[in-house]
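Student: Here is the input, now give the coordinates:
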Amino acid sequence: MKKEKTRESALNGEDAVIYLRLSSADGPAAESDSIQNQRSFLQEWAQGHGFHIVREFVDDGHTGTDFERPGFQELGRCLMDGSVRCIIVKDLSRLGRNYAETGRYLEQIFPRLGVRFIAVNDQYDSAKNTDSVQQMAVFKNVFNDLYAADASAKVRTSLGILKRQGKFLGRQAPYGYRIDPRDKYHLLPDEETAPIVQRIFGLFLGGTSRTQIAKILNREQIPSPAAQKQMTDKSRQFTGLWNAETIRRILSHPVYQGDMAQQFTRTISYKVHLRRRVDPEDWIVVKGTHEPLVSREDFALAQTMQQVRTYETTDHPHLLTGIAFCADCGSPLYAKKRGKYWYLNCYGYYRDPTAHRCTSHSIREDVVLQAVVDALRTLAQNQVDANSVARQRVEKQQGNLDIRGRRRKLQQQLESARRTRLGAYKDKAAGILSEEEFLAISEDLRKEESSCQRELDRLARWEDDQDQTRIIEQKVKAFLRFDHLEKSQLQQLVRRVEVDAHKHITIDFNFTDPGKGAD
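Tutor: Below is the predicted model:
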């Protein structure tokens, strides 16, 4: 007995560090186990038991199922250099919830390094443990591991339910959107980046390749999504580059057609936190959850066009790529420049001339394109009444849009935003709001006012039926001339163009040729 008292008194007053950890998966215990509560508890306990706390290591928001935590990694370095010889935690679960790794530290690493480890609530002290305490610690580590597995399953289930309800769960909104300040689960178009997304789709549907779109945006020093994330309100410097993969991800993301798409990746397990990509058919997609940036038709067309290989040789758009084929061997025709003209060449011959799959033949790209345009003009002539199409379009658009009701709501919303902004100004003058709070509120309200005013202006343009009919009629006539044919339009109109070795051109349309239908 006397020997034990001497040993305990020798240990009193020794230097120690405390380790604090909290994870969002800790559930109802998170409040009582908050970092501040752990700190206060351990400081009071250490003072009452004669320990001198020289340092603390903290992992706030880190899971206990692995040990790849910044605070614990720093603690590990201190253990290795010998500067830490005693660690105190609130309970064993703060050290970790992976029973195999936690046991390895308790049974091998800490004893080998001569480190004293204390878990206060579990009455665990490696300097005084009996065999029964050591065995109970093993069971508690297993229970902690089981708790982590159960908590992980519950979190996944609850998150899955929210995702299937169309709730946005990301910490940062997708490029082109912002999180609704009134509802953290809802997205709103971002006034600054939404037009960039719409421009990307417009360029791509117009025949510009993903690489060329990236070059255009970089040339104009438009911040990429990665650079946008790094920006602060005080710094608007261009700090990143666009690339073809970034453009591809934007063109492929269902969020831009108004659908909430989530679960693109998934962790391997609650212990292994590496993420693996999820096949698109396993994404959680809920339709119509927010305002789209592009129409469903344009989005679907962009997906079709992305399946076609393009050639990134110059800024020249090859409208026939993916449409033009060799009539003799069925191979695609690829574009190559010779002199001042672009030529379509048989890829079946080019791939392996010695295989004699086809012959070496080519045709000027502009000649084929002109043949397609002439055929489209001939088919459109006397088949489409531009004025009738324009009238139907106006009637349909106005039929789908309650102009008066929509204007009334927008005017009410605009007036409410103005009154709120005036109220905020009065609160600032009265000292209720700080300057920073007022500026933040005022900026959001001004954006809302601008958005309402733009929509009101757009609705006002619809009120003159005759003017709208005339404008649309002019657009229809211009389109039917096919002077400025875009790739997306061409793919909608033409299924396939075939050219043989004798330069005979055959065009297969995506609609029935009226002339052929009469036979």
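Student: And the strands in the stretch 151-300 of the chain?
Tutor: For the stretch 151-300 of the chain, the strands defined by DSSP state E, counting those that start in this stretch cover 177-180, 183-189, 260-262, 265-267, 275-277, 284-286.
Student: Equivalent analysis for the stretch 351-500 of the chain, please.
Tutor: 362-364, 494-499.
Student: strand partners of the longest one, parallel vs antiparallel please.
Tutor: Think strand 494-499. Partner strands and pairing direction for strand 494-499 (DSSP bridges) are strand 324-326 (parallel), strand 505-509 (antiparallel).
Student: Can you list the buried residues in that strand?
Tutor: 494, 497-499 (16 or more other C-beta atoms under 10 Å). No exception for glycine: its C-beta is placed from N, CA and C like everyone else's.
Student: tell me the centre residue of this structure?
Tutor: Geometric centre of the chain, nearest residue: Pro174, 4.3 Å, by C-alpha atoms, centre = their mean.
Student: give the contact list for Arg69.
Tutor: By C-beta atoms under 8 Å, 6 or more residues apart in numbering, Arg69 lies in contact with 21, 59, 62.
Student: could you list every residue that touches Asn345?
Tutor: Asn345 makes contact with 333-336, 361-362 under the criterion C-beta under 8 Å, 6+ apart.
Student: Neighbour-wise, which one of these leads?
Tutor: Among the contacts of Asn345, the one with the most neighbours (other C-beta atoms under 10 Å) is Leu333, at 29 neighbours.
Student: so that residue, which of the three states?
Tutor: Three-state assignment for Leu333 (DSSP: H, G, I helix; E, B strand; the rest coil): strand.
Student: for it, what are its contacts?
Tutor: By C-beta under 8 Å, 6+ apart, the contact list for Leu333 reads 320, 324-326, 344-347, 499.
Student: Could you report the distance from it to Lys503?
Tutor: Leu333 sits 12 Å away from Lys503, going by C-beta to C-beta, to the nearest Å.
Student: now do Tyr343
Tutor: Distance of Tyr343 to Lys503, given as C-beta to C-beta: 11 Å.
Student: what's the most buried one of the strands paired with strand 494-499?
Tutor: Sort the strands paired with strand 494-499 by mean neighbour count, taking mean count of other C-beta atoms under 10 Å, and strand 324-326 sits at the top with a mean of 23.
Student: Leu485 contacts Val373, doesn't it?
Tutor: Yes: using C-beta atoms under 8 Å, Leu485 is in contact with Val373, at 6.4 Å.
Student: The two - which one has more neighbours?
Tutor: Leu485 (19 against 15).
Student: Contact partners for the more buried one?
Tutor: Leu485 neighbours (C-beta under 8 Å, 6+ apart): 319, 369, 373, 376.
Student: you'd agree Leu369 is up against Leu320?
Tutor: Yes: using C-beta under 8 Å, Leu369 is in contact with Leu320, at 6.3 Å.
Student: Which of these two has more residues huddled nearby?
Tutor: Of the pair Leu369 and Leu320, Leu320 is the one with more neighbours under other C-beta under 10 Å, namely 23 against 20.
Student: Let me know the helix or strand that the more buried one is in.
Tutor: Using DSSP states H and E, Leu320 sits within no helix or strand.
Student: gap between it and His361?
Tutor: Using C-beta to C-beta, Leu320 is found at 16 Å from His361.
Student: and if you look at Ala214?
Tutor: Counting by C-beta to C-beta - Ala214 and His361 are separated by 34 Å.
Student: What is the burial count for Pro181?
Tutor: Pro181 is flanked by 12 other residues according to other C-beta under 10 Å.
Student: re earlier: just name the closest of the buried residues of strand 494-499 to Ile222, please.
Tutor: The closest of those to Ile222 turns out to be Val494 (C-beta to C-beta; 32.8 Å).
Student: bridging residues for the closest one?
Tutor: Phe509.
Student: dump the residue contacts of it.
Tutor: When contacts are counted by C-beta under 8 Å, 6+ apart, Val494 touches 323, 372, 376, 507-510.
Student: Let's have these in JSON lines, adding pLDDT.
Tutor: Output for these, formatted as JSON lines (pLDDT from 0 to 100):
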{"residue": "Ile323", "pLDDT": "84"}
{"residue": "Val372", "pLDDT": "89"}
{"residue": "Leu376", "pLDDT": "83"}
{"residue": "Ile507", "pLDDT": "90"}
{"residue": "Asp508", "pLDDT": "89"}
{"residue": "Phe509", "pLDDT": "83"}
{"residue": "Asn510", "pLDDT": "76"}
